[in-house]
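>>> Pasted the sequence and its predicted model underneath.
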Amino acid sequence: MLIKTYGSALAGVDALTITIEVSIGSGNKYHIVGLPDNAVKESLRRIESAIQLSGLRMPRQKIVVNLSPAAIKKEGTAYDLPIAIGILAASGQVLSEMTDQFMIAGELSLDGGIQPVKGALPMAIQAKAAGLKGFILPTDNSREAAVVEGLEVYGMRSLNEVIAFLNLKEAFEPVLVNIKNEFLRTLNGNDHDFSDVKGQENIKRALEIAAAGGHNMILIGPPGSGKTMLAKRLPTILPPLNLDEALETTKIHSVAGQLSIADALMTERPYRSPHHSISDIALVGGGINPQPGEISLAHNGVLFLDELPEFKRSVLEVMRQPLEDRKVVISRSRMSVEYPASFMLIASMNPCPCGFYNHPEKECSCPPGTVQKYLSRISGPLMDRIDLHVEVTPVDFNQLSSLHPAEKSLVVRERVTSARGIQDIRFAAYPKLHYNAQMSPNMVRKVCIIDNEGRMLIKKAMERLSLSARAYDRILKVSRTIADIEGSSTIELEHLAEAIHYRSLDRHNWTG
C-alpha cells in the first residue's frame, strides 16, 4: 500500500514542502531514498523503537520511503514523525484519509516522545501556502507555528497522541496565539534605560541620530567611559518592531534554533554582542549545513562589536559586503541560501593599547606609532562603512553624582519614531528602502540636496580630512537624518556641520 504524508525542508529562512511516500511490500528490508543525510538515514532505528515502545506494530516487510523532490538534500531529524505516521498508515494502523491533510514534523525519542525541531515558523507558513488544513508538530514548537493565521496547529507530546488524533479517537484543541497580547507582553519591559547614563549628552545625541536613520556607529574612548553601557541601551530607543519585521526576525531565530519555548513571536529588536574570538562562519553564517550567523540573528536590531580591533581582520572583512547589501548569500556546490542581514552595527574600541590616548587627565604610555598601528587593524573600507565616529570621554564626578533626572528612553524613542515616520513617507515608493542609511548613491543625490554654502563647507571638510566618496555620501545621509529629527524639510548648514563632526577618526589627531 502506498501512503503520502507531508514534511518540510528548510532553505535559508524559508521552507519547502516535502512529500513523503511510504510503500510496504514483500521483502524484509527498510530503504530511505530521496537524498537523505545521515540523520534521516538513522531515523528508521528511532522510528522502529518508538513504534514498538508505544504499543504498536512495526511491519516486518519491505518498507521503501521516498522523500520527494529527490533533488533536494534532506537534513535533520524533523522527518522522524511524518515517516513514522506514513509507515503506520501504510500498515493500516492509522486512518490514511487524515494523513494528507496535515504537514507533520518532529523528532522521535526511542520511547515515542516527540522532541522539538528547528524552523517551525517557516514550516507553518509553507503549510498554509501549500493549502494544507493544519500542522502537527512538537508541543515545544507549537506557539511559534500558531502565529500563522488560518492554519490549525496541534502541539503533540508523543507518538500515541498523534495516532489518537489522526484516528479520531481523541479530540485536541488547536493552539491559539494572540499576536496583540504578544506585543503588549514585552512592551517597555527592558531593564536598560537611557536615564541610567549620567552625563554623555553628546553621545546620547549621536545614538539618537544613529537610531533615527539606521546608521552604523563606532565609539572611541578610554576604559570605563561608558561605551558598552551606552550601546546596550540603543535598542530601547529604536522604534518597536512591526508585525512584518517581527515575523521575519522570528523566522531567522527559529531556523537557528534560538527561539525559546515561551516565545511565540519576537517582539523586541535583537541585540547581539559576540566575543572578539568569533570565527568568520559564526559571524556571517555558513558551515557544512548552512546556518544563519550573528549578522543575520541581529537582523532588524543591533550588532555590537566590543573592542573592535581585537577581532580577527578576516572576520571584519567578510562583514563589508553584508553591510552594503543588507543580506548574505552562502553558496555551496549543491545549493545557495540567502539570509537577511539588515542590522545596525555599533562598535566600540579603546583609542590605543593602553587605552588613554587623547585622555583629558591621564597620559598615554604607548610608544610612538602605536596608535596608528592599533587603528590600522581596522581597514579603511570597513571604517568608511561606519557613518558616525564618536569620541567618548570619561564622566566627571559632578555628573556622576548628579540627582538631576536624565531623559528616559521612551522620550527619545518618540523622537526617533517621528523621524522614521518622515522616512517612511519619503521612501513609500521604494519597497526595499526604509530609512536613510539604506539609500543608494543615486538616491542620496535626489534626497540630500544642499545649497552653495553647504557645498563649500563639505568641500573644505573633504580636503582637510581627505574623505572618500563613500564618506561624502555618509555625511549627506547623516545630515538628512539630523534634519528629519529637527523636522526640517531641507538640510541646513548646522545639520551638515554636525554630521561632519561625527567623523572623529578622519581627523589628524587620530590618524597621527
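Here it is on my side, so go on.
>>> Centre of the chain to the top strand by length along the chain, how far?
In the chain, assigned by DSSP state E, the strand with the most residues is strand 14-25. Chain-centre distance of strand 14-25: 30 Å, with CA atoms, centre = their mean, to the nearest Å.
>>> Partner strands of that strand, with direction?
strand 2-11 (antiparallel), strand 62-68 (antiparallel) (DSSP bridges).
>>> hmm, who's touching the shortest one?
Pointing back at strand 62-68 there. Where contact means CB atoms under 8 Å, 6 or more residues apart in numbering, the residues beyond strand 62-68 that reach it are 7, 18-36, 40, 44, 74, 79, 83, 86-87, 90. Every residue, glycine included, has its C-beta placed from N, CA and C.
>>> just checking, G27 is part of a helix?
No - counting by DSSP: H, G, I helix; E, B strand; the rest coil, G27 is not found in a helix; it is coil.
>>> Stretch 489-503: end-to-end distance?
From its first residue to its last, stretch 489-503 covers 24 Å (CA to CA, to the nearest Å).
>>> residue nearest the centroid of this protein?
L297 (2.7 Å; CA atoms, centre = their mean).
>>> Which residue comes closest to it once chain neighbours are left out?
Distance criterion CB to CB, 6 or more residues apart in numbering; nearest residue to L297, sequence neighbours excluded, is R272 at 5.4 Å.
>>> Ok, A71 next?
L35 (7.0 Å).
>>> Report the contact partners of the one you found.
67, 70-74.
>>> about what we covered before: most tightly surrounded among the strands paired with strand 14-25?
strand 2-11 (a mean of 22; mean count of other CB atoms under 10 Å).
>>> Show the model's pLDDT score for the nearest residue to S54 once chain neighbours are set aside.
Nearest non-adjacent residue to S54, counting by CB to CB, 6+ apart: G112, 3.9 Å away. Looking at G112, its pLDDT reads 95.
>>> Poorly predicted segments of the protein, please.
In the predicted model, the chain carries pLDDT under 70 at residues 186-190, 397, 399-401, 504-512.
>>> Which residues are in contact with R233?
So R233 contacts 192-194, 196-197, 207, 409 (CB under 8 Å, 6+ apart).
>>> Ok, K204 next?
Neighbours of K204 in contact, by CB under 8 Å, 6+ apart: 194, 197, 230, 407, 412.
>>> Let's verify it: helix, strand, or coil?
Per three-state DSSP, K204 ends up helix.
>>> That one and H404, how far apart?
14 Å (CB to CB, to the nearest Å).
>>> G86 touches Y6, doesn't it?
No - the criterion here is CB atoms under 8 Å, and G86 misses it with Y6 at 9.8 Å.
>>> intersection of neighbour lists for those two?
Common neighbours of G86 and Y6 (CB under 8 Å, 6+ apart) are I20.
>>> just to revisit the earlier point, so which of the contacts of K204 is the closest to E498?
V412 (16.8 Å; CB to CB).
>>> tell me which element that closest one falls in.
helix 409-426 (DSSP states H and E).
>>> The next helix-or-strand element following that helix: which residues count as buried?
Going down the chain from helix 409-426, the next helix or strand is helix 441-447, by DSSP H and E. Using 16 or more other CB atoms under 10 Å as the test for burial, helix 441-447 gives 443-444, 447.
>>> Quick check: the gap between I278 and K312.
8 Å.
>>> what's the overlap in contacts for those two?
Counting by CB under 8 Å, 6+ apart, no residue touches both I278 and K312.
>>> picking that back up, if any of the contacts of strand 62-68 are buried, put those into a ChimeraX selection.
With 16+ other CB under 10 Å as the burial test, the buried ones among the contacts of strand 62-68 are selected in ChimeraX as follows:
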select :7,18,20,21,22,23,24,30,32,34,36,40,44,74,79,83,86,87,90
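>>> and the residue nearest to N167 when sequence neighbours are not counted, what are its phi and psi?
Leaving aside its sequence neighbours, N167 sits nearest to L95 (CB to CB, 6+ apart; 5.5 Å). In terms of degrees, to the nearest 10, the main-chain angles of L95 are phi -60, psi 120.
>>> Same question for C364.
Dihedral angles for C364 - degrees, to the nearest 10 - are phi -80, psi 130.
>>> The nearest residue to it once chain neighbours are set aside is in what secondary structure piece?
Nearest residue to C364, sequence neighbours excluded (CB to CB, 6+ apart): Y357, at 4.3 Å. Secondary structure from DSSP H and E places Y357 outside every helix and strand.
>>> For burial, what's the neighbour tally of Y357?
The tally of other residues near Y357 (other CB atoms under 10 Å) stands at 22.
>>> what about it, distance to H276?
20 Å.
>>> Please apply the same query to L166.
Distance of L166 to H276, computed by CB to CB: 51 Å.
>>> repeat for L283
Distance, L283 to H276, using CB to CB: 11 Å.
>>> ok, now S336?
From S336 across to H276, the span is 30 Å (CB to CB).
>>> okay, now P223: neighbour count?
The local packing of P223 (other CB under 10 Å) involves 11 other residues.
>>> from what I can see it touches M349, true?
No - in this structure P223 lies outside contact range of M349 using CB under 8 Å: 10.8 Å.
>>> Next step: the contacts of L35 restricted to strands.
Using DSSP E, these in strands are L67.
>>> one step back: neighbour-wise, which of L166 and H276 wins?
Set L166 next to H276 and count neighbours by other CB under 10 Å: L166 wins out with 23 against 13.
>>> which ones are touching that one?
By CB under 8 Å, 6+ apart, the neighbours of L166 are 85, 89, 94-95, 98-99.
>>> Just confirm P82 contacts T19, I think it does.
No - applying CB under 8 Å, one finds P82 not in contact with T19, separated by 9.7 Å.
>>> Spell out which residues are contacts of both of the two.
5-6.
>>> about what we covered before: in contact with the residue nearest to C364, which residues are there?
351, 364, 366, 371.
>>> now swap in M344 and tell me
By CB under 8 Å, 6+ apart, the neighbours of M344 are 210-211, 214-217, 234, 238, 301-303.
>>> Out of those, list just those in strands.
Filtering those for strands - DSSP E - leaves 217, 302-303.
>>> isn't H434 right up against G214?
Yes - between H434 and G214 there is a contact under CB under 8 Å: 7.4 Å.
>>> neighbour count winner among the two?
Taking neighbours as other CB under 10 Å, H434 and G214 compare with G214 leading, 21 against 17.
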